[in-house]
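> 3D, please:
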Amino acid sequence: QVQPENKNTIWNREEVPEGSEFDDTWDPREQPEYQILFKQCVGTEDVFFGMSRKDPSTACCEDMVIKIKLPETKYSDITLDIQDTVLDLRTPQKKLLLHLPYRVDSKNAKARFLSEEEILEVTLRVSRMFDFINF
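Numbering: from 1, shown residues only. Okay, here's the model as predicted:
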């Protein structure tokens with residue numbers, strides 16, 4: 001059994017998942033539609049010769065692209081917060097709290113809003129242990 005750091009606390013910090021401070025069950029805003037896509041950098045040596053041992057699985061992907069449909073939303077209304085394991089998006093009509101499937105580098109995230117398609121595209125660099133050996 002794990003002892004708490006302080007006797008007045010109810011639980012340890014390790015027991016509370018990252019991003020749980022954003023959970024709000026009483027928020028009436030609906031969740032937008034989204035897609036999680038994975039992207040990898042390949043060259044001719046990968047495609048034709050298979051020299052780098054890359055395959056189409058997500059284990060060989062370097063980036064995660066999240067496409068979020070935000071109809072009737074302006075760019076200035078979007079609030080986006082990205083942490084290592086959580087993406088938090090809020091607009092006046094929509095709210096998305098997404099626990100990411102892999103840990104990402106939150107400092108180097110990129111986002112762009114495609115106003116014609118009304119889609120927010122967020123590109124995140126996946127940071128896994130031992131990626132320096134695999135890639």
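> switch to C-alpha atoms for all contacts and neighbour counts from now on
Will do.
> now do the contacts for the residue nearest in space to the middle of the chain.
In the chain, the centroid-proximal residue (CA atoms, centre = their mean) is residue 100; its distance is 4.5 Å. Neighbouring residues of residue 100 by CA atoms under 8 Å, 6 or more residues apart in numbering: 85, 86, 87.
> what is the neighbour count of the first one?
It stands for residue 85. 17 (other CA atoms under 10 Å).
> surely it meets residue 104?
Yes. The pair residue 85 / residue 104 is scored as a contact, 6.5 Å apart, by CA atoms under 8 Å.
> returning to that earlier point: and which of the contacts of residue 100 is nearest residue 114?
residue 87 (18.7 Å; CA to CA).
> that closest one and residue 68 touch, don't they?
No. The pair residue 87 and residue 68 fails to qualify as a contact (CA under 8 Å) at a distance of 11.4 Å.
> which secondary element of this protein has the worst mean pLDDT?
The helix or strand of the chain with the lowest confidence, counting by mean pLDDT, DSSP states H and E, is helix 131-134 at a mean of 57.
> start to end distance for stretch 47-55?
9 Å (CA to CA, to the nearest Å).
> equivalent analysis for stretch 46-62, please.
14 Å.
> just the helices in this structure please.
44, 131-134 (DSSP state H).
> dump the residue contacts of residue 71.
118, 119.
> cool, residue 119 as well?
Contacts for residue 119 (CA under 8 Å, 6+ apart) come out as 67, 68, 69, 70, 71, 113.
> quick one, which of those are buried?
Among the contacts of residue 119, those buried by neighbour count (16 or more other CA atoms under 10 Å) are 67, 68, 69, 70, 113.
> check what pLDDT residue 58 gets.
pLDDT, residue 58: 73.
> nearest residue to it other than its sequence neighbours?
Leaving aside its sequence neighbours, residue 58 sits nearest to residue 38 (CA to CA, 6 or more residues apart in numbering; 6.5 Å).
> check the gap between the one you found and residue 80 for me.
20 Å.
> that older thread, correct me, but the residue nearest to residue 58 touches residue 67?
No. Look at residue 38 against residue 67 with CA under 8 Å: they stay out of range, at 11.0 Å.
> appreciated, that's everything.
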